[in-house]
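fold the following, please.
(chains A, B, C and D)
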There are 2 protein chains.
Amino acid sequence: MFEVLLGNINKKVSLTEKEQELVKTFFIPKKLRRKQFLLQEGEVCQYTAFVEKGLLRSYNVDEKGHEHVLQFAVEDWWIADLYSFLTGEPSGYNIDALEDTELLLINGSSYEAMMEAVPKMERYFRILTQNSLVATQRRLSGNISLSAEENYKQLIAGNTGILQRVPQHMIASFLGIAPETLSRVRRQMTGK
Amino acid sequence: MFEVLLGNINKKVSLTEKEQELVKTFFIPKKLRRKQFLLQEGEVCQYTAFVEKGLLRSYNVDEKGHEHVLQFAVEDWWIADLYSFLTGEPSGYNIDALEDTELLLINGSSYEAMMEAVPKMERYFRILTQNSLVATQRRLSGNISLSAEENYKQLIAGNTGILQRVPQHMIASFLGIAPETLSRVRRQMTGK
DNA sequence: CGCGGGTTTGATGATGCTCAAGCCCGGTGG
DNA sequence: CCACCGGGCTTGAGCATCATCAAACCCGCG
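Got it, this is the predicted structure:
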């Protein structure tokens, strides 16, 4: 149950046997069926979730009813609406499962208590967050500077794994383009 | 010299007098004239910089020669190319001063050593990075879902301070739109 | 076999970019 | 003190990219 999480943590900081046992106690296992929500718009995001198995996405819905995917999370990744989690404000995002999924949840007070109890986790989350920030900045940068086609190329260059598991219209939504546009971009690319 | 930095740190974690003195020892003060570079494309980003006074921007230049501003940093903010700083890879970004500026620099090994010496700083940087991540995610989200006009409105709603100090074409670049477009958006807005 | 979600394709239109010219204003040198 | 730059902002016309709307297609599944 905790193999993936502990593996992930130990890649960044190494925990003793005792610390590992302690860390486990702060998490709540949860299973989600495909299409089930972890978070719905309007709710406060109570948990940060680590994905042991499966696939989720976070997205918002604009006033025209269009979905915009902010993040995908597969095994070995974290997902939450960090803004809502940290501030306690209601979330503007939804998080749902694209496959049957197994999660480890941690709530705000456990999150704090865990770092109190195991100071290395403070370091772990710092490193984790730094890496997310770098990734998000690069994505933003691409979004501002590049065309639809170039952004798609960047994506397939980096994330070959996720793409096979996600329907194409969600990839388009993640890139911030219409599904028709992605379809045409792909045709262009295979053409040459 | 260190008032702003220590103030910023003490807002998130509280340091003893001794810890404050220790923290100071890891930083290198540096002054930059307007238009001077802190980092140029192709160099490795050796430092993370805290702004005591002044104003900087980070930006890249695309193959058409267009600048894209990734970040502005005024007093009480940090700036760096985090990717290059963490990996040691050459940076694709430039950082330069828009006003005469006073910085406190910290290099990679001091950064690690400081967290070793003052564990609270680990926590400080975790919180700092979390907040940056939230801000960057919201900006990305807006960029994907909103029109040029809506993005500009979001910006002026949040950052009244910076806007007066930055030339308009850089604001446009920050938003990812052409300067002409921003000019037109502004006319539209005052018109009604 | 037929339904339905997802993808493709085509035609049209909106948004924002490009290029070019004019304007405004602050700074500089005669 | 004034004329003359020059940078940045504005304005206009034409154009490219991408979104929208609608229809056809494809294919897995009941």
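
any residue of the longest helix seen in chain A up close to DNA strand C?
For chain A, the longest helix by residue count, based on DSSP state H, is helix A:120-145. No - Helix A:120-145 stays clear of DNA strand C (CB under 7 Å from any atom of the strand), getting no nearer than 9.1 Å. The way it works is simple: take the backbone N, C-alpha and C, and place the C-beta from them, glycine included.

mean confidence score for that helix?
Computed over helix A:120-145, the mean pLDDT rounds to 96.

now do it: which elements does it pack against?
helix A:3-12, helix A:108-117, helix A:148-158, strand B:67-74, helix B:82-87, helix B:120-145 (3 or more CB pairs under 8 Å, 6 or more residues apart in numbering or on different chains; DSSP states H and E).

which SSE is the residue of chain A found nearest DNA strand D in?
Nearest to DNA strand D in chain A, going by CB to the nearest atom of the strand, is A:Thr181, at a distance of 3.1 Å. Following DSSP states H and E, one finds A:Thr181 within helix A:179-191.

what of A:Glu99?
Going by DSSP H and E, A:Glu99 is not in any helix or strand.

would you agree it is in contact with A:Arg57?
No - contact status for A:Glu99 versus A:Arg57: not in contact, 10.5 Å apart, counting by CB atoms under 8 Å.

higher neighbour count, those two?
Relative neighbour count places A:Arg57 above the other of A:Glu99 and A:Arg57, with 21 against 15, counting by other CB atoms under 10 Å in any protein chain shown.

the more buried one bridge partners, please.
Beta-bridge partners for A:Arg57, by DSSP bridges, are A:Phe72, A:Asp96.

which pLDDT value belongs to it?
pLDDT for A:Arg57: 96.

dump the residue contacts of it.
Contacts for A:Arg57 (CB atoms under 8 Å, 6 or more residues apart in numbering or on different chains) come out as A:Val69, A:Gln71, A:Phe72, A:Ala73, A:Ile95, A:Asp96, A:Leu98, A:Val166, A:Met170.

return the member of these nearest to B:Asn159.
A:Gln71 (24.4 Å; CB to CB).

who are the contact partners of that closest one?
Counted by CB under 8 Å, 6+ apart, A:Gln71 has contacts A:Arg57, A:Ser58, A:Ile79.

how about A:Glu150?
By CB under 8 Å, 6+ apart, the contact list for A:Glu150 reads A:Gly142.

quick one: low-confidence parts of chain A?
Within chain A, the stretches with pLDDT under 70 are A:191-192.

how is it partitioned into domains?
Structurally, chain A divides into domains by automatic domain parsing as follows: A:3-145, A:146-192.
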